[in-house]
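Q: Need the 3D shape of this:
(one chain, ligands or ions: 2)
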Amino acid sequence: MYLKHAAIIGGTGYGALELIRLLQNHPEVTIKKIISHSQEGEYLENTYPHLASFLEGPMETFEAESLVNDVDIIFFATPPGVSKNYIPQLAGTSVQCIDLSGDLRLEKPENYEKWYGKTPAPQEILDEAVYGLSEIYESELKKAKICSNPGCYPTASLLGLMPAITHKLIDNESIIIDGKTGVSGAGRTMSPMTHFSETNENVKPYKIGRHQHIPEIEQYLGKEAGKPVCINMTTHLLPMTRGLLCTMYGKLATQLNTKEAIEIYSEYYEADPFVRIRPEGTFPSTKEVSGSNFCDIGLYADDRTNQLVIVSAIDNLVKGASGQAIQNMNIMNGWQTDKGLKQVPVYP
Ligand SMILES: NC(=O)C1=CN([C@@H]2O[C@H](COP(=O)(O)OP(=O)(O)OC[C@H]3O[C@@H](n4cnc5c(N)ncnc54)[C@H](OP(=O)(O)O)[C@@H]3O)[C@@H](O)[C@H]2O)C=CC1
Ligand SMILES: CC(=O)N[C@@H](CCC(=O)OP(=O)(O)O)C(=O)O
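A: Ligands and ions are numbered 1, 2, ... in the order given. Reported below is the predicted structural model:
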């Protein structure tokens, strides 16, 4: 059987590591090239001994022509500001590109400039890229050649809020997102923010009012609502390696109890194997999705405060990044959405 060939750019980063781990179980794809801008010519197992025996050959440097000749799919697991320069070099070829960074997520170039502080990607690439929130944009993704994989907070938040927006359950002007994540969300590069002694036994708010995921969430909620949506989002760093949890609040716009909310959400995600709606009275935690591609959602309609409370949990590196990237690859290639992704969460 012909296996599709994949390349991963950003070889020594956490997103790449997770792609390598997950693709070992994929029956249709083999990893042909790992590209590293800092360790070209080195074997990945020298940095990550746990990968010894899983990969052949050393890491290489990015070269568009040889990638086009040798691979079918390229995953960009690079920091913002990189893929927007590389993807245009692959234009007009048959290679599928899946970008894990924020370079192609914002439709308006001025928004990227404002929130990322960088020059935006060429307009034609922005126009061609399809947003890879797999459950919501599956039909568009089936035809996509460039996929812009969502951010981790947007994945948890949008999956949690979309049914409420679609069914007009909450007032769009009242949305508050309280987000929490572990340190692997910041990538492998060391920084004072993720330093052990400053993270351990500590909970820290960060990027209040200036998080780059705010415009991404607003863009897609606005599309669904048919008018601009403005959210309040706070993000917190927790002393854990993996996991992301958003607790979201919206003022109820209709008479609704918890049981009814759960019914609406369960029906909305009926065909989606990775979104699990919790039964009444139970709420997800990060450990219950760790290492898996699940997004678990719990709901509570508070008749005392007239608020809908939505709790959404993912593994930031899996459903929040590499797992969803593979799910998007499956959709783009006409494979079953959960192919190679049926990992049971690692618990405890
Ligand atoms: N970590 C997470 O939970 C999530 C991450 N993302 C996004 O996915 C992308 C990858 O994240 P993550 O793997 O965590 O980040 P890391 O910082 O761990 O890895 C990124 C890798 O990209 C490569 N790189 C760095 N600078 C450059 C450059 N100038 N040119 C080319 N390559 C470069 C490096 O690998 P090498 O030197 O080997 O090339 C680096 O290790 C980022 O855009 C991130 O924002 C999205 C959702 C969740
Ligand atoms: C802890 C931490 O710093 N998390 C990162 C996660 C964002 C991310 O992974 O990047 P993208 O914008 O490409 O999605 C943050 O909050 O910015």
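Q: Isn't residue 218 up against residue 225?
A: No: judged on C-beta atoms under 8 Å, residue 218 makes no contact with residue 225 at a distance of 10.0 Å. No exception for glycine: its C-beta is placed from N, CA and C like everyone else's.
Q: quick one: which of these two has more around it?
A: Set side by side, residue 218 and residue 225 show unequal neighbour counts under other C-beta atoms under 10 Å, the larger going to residue 218 at 20 against 15.
Q: what about residue 348, distance to residue 242?
A: As judged by C-beta to C-beta, to the nearest Å, residue 348 and residue 242 stand 13 Å apart.
Q: neighbour count winner among those two?
A: residue 242 (23 against 5).
Q: hmm, who's touching the one helix or strand residue 85 maps to?
A: With secondary structure defined by DSSP states H and E, residue 85 is part of helix 83-86. When contacts are taken as C-beta atoms under 8 Å, 6 or more residues apart in numbering, the neighbours of helix 83-86 outside the stretch itself are 9, 62, 64, 76, 78, 97, 99, 101, 103-104, 118-122, 125.
Q: Next up, the contacts around residue 76.
A: Residue 76 sits next to 9, 10, 82, 83, 86, 87, 97, 98, 99, 100, 101 when contact means C-beta under 8 Å, 6+ apart.
Q: For those residues, give me JSON lines that also has distance to ligand 1 and pLDDT.
A: Compiled in JSON lines, the contacts of residue 76 are given as follows (distance: C-beta to the nearest ligand atom, whole Å; pLDDT from 0 to 100):
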{"residue": "9", "distance to ligand 1": "7", "pLDDT": "98"}
{"residue": "10", "distance to ligand 1": "3", "pLDDT": "98"}
{"residue": "82", "distance to ligand 1": "4", "pLDDT": "98"}
{"residue": "83", "distance to ligand 1": "8", "pLDDT": "98"}
{"residue": "86", "distance to ligand 1": "8", "pLDDT": "98"}
{"residue": "87", "distance to ligand 1": "13", "pLDDT": "98"}
{"residue": "97", "distance to ligand 1": "14", "pLDDT": "98"}
{"residue": "98", "distance to ligand 1": "11", "pLDDT": "98"}
{"residue": "99", "distance to ligand 1": "8", "pLDDT": "98"}
{"residue": "100", "distance to ligand 1": "4", "pLDDT": "98"}
{"residue": "101", "distance to ligand 1": "3", "pLDDT": "98"}
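Q: returning to what we had before: what's the spacing between the helix holding residue 85 and its chain's center?
A: On the basis of C-alpha atoms, centre = their mean, to the nearest Å, helix 83-86 is displaced by 19 Å from the centre of the chain it belongs to.
Q: May I see the buried residues of it?
A: Judged by neighbour count using 16 or more other C-beta atoms under 10 Å, the buried positions of helix 83-86 are 83, 84, 86.
Q: Can I get the helix or strand just after that helix in CSV, CA atoms only?
A: Scanning forward in sequence from helix 83-86, with DSSP H and E defining helices and strands, the next element found is strand 96-99. Written as CSV, here are the backbone C-alpha positions of strand 96-99 (Å, rounded to 0.1, in the frame of the first residue of the first chain):
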residue,chain,number,x,y,z
GLN,A,96,-0.7,20.0,1.4
CYS,A,97,0.4,22.4,4.1
ILE,A,98,-0.9,22.4,7.7
ASP,A,99,0.3,25.3,9.8
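Q: Strand 96-99: what's the following helix or strand?
A: Tracing the chain past strand 96-99, the next element assigned as helix or strand by DSSP H and E is helix 109-116.
Q: Report all helices and strands that that next one contacts.
A: Of the remaining helices and strands, those touching helix 109-116 by 3 or more C-beta pairs under 8 Å, 6 or more residues apart in numbering; DSSP states H and E are helix 213-225.
Q: quick check: mean pLDDT across the helix it packs on?
A: Per-residue pLDDT values across helix 213-225 average out to 98.
Q: Perfect, I'm done here.
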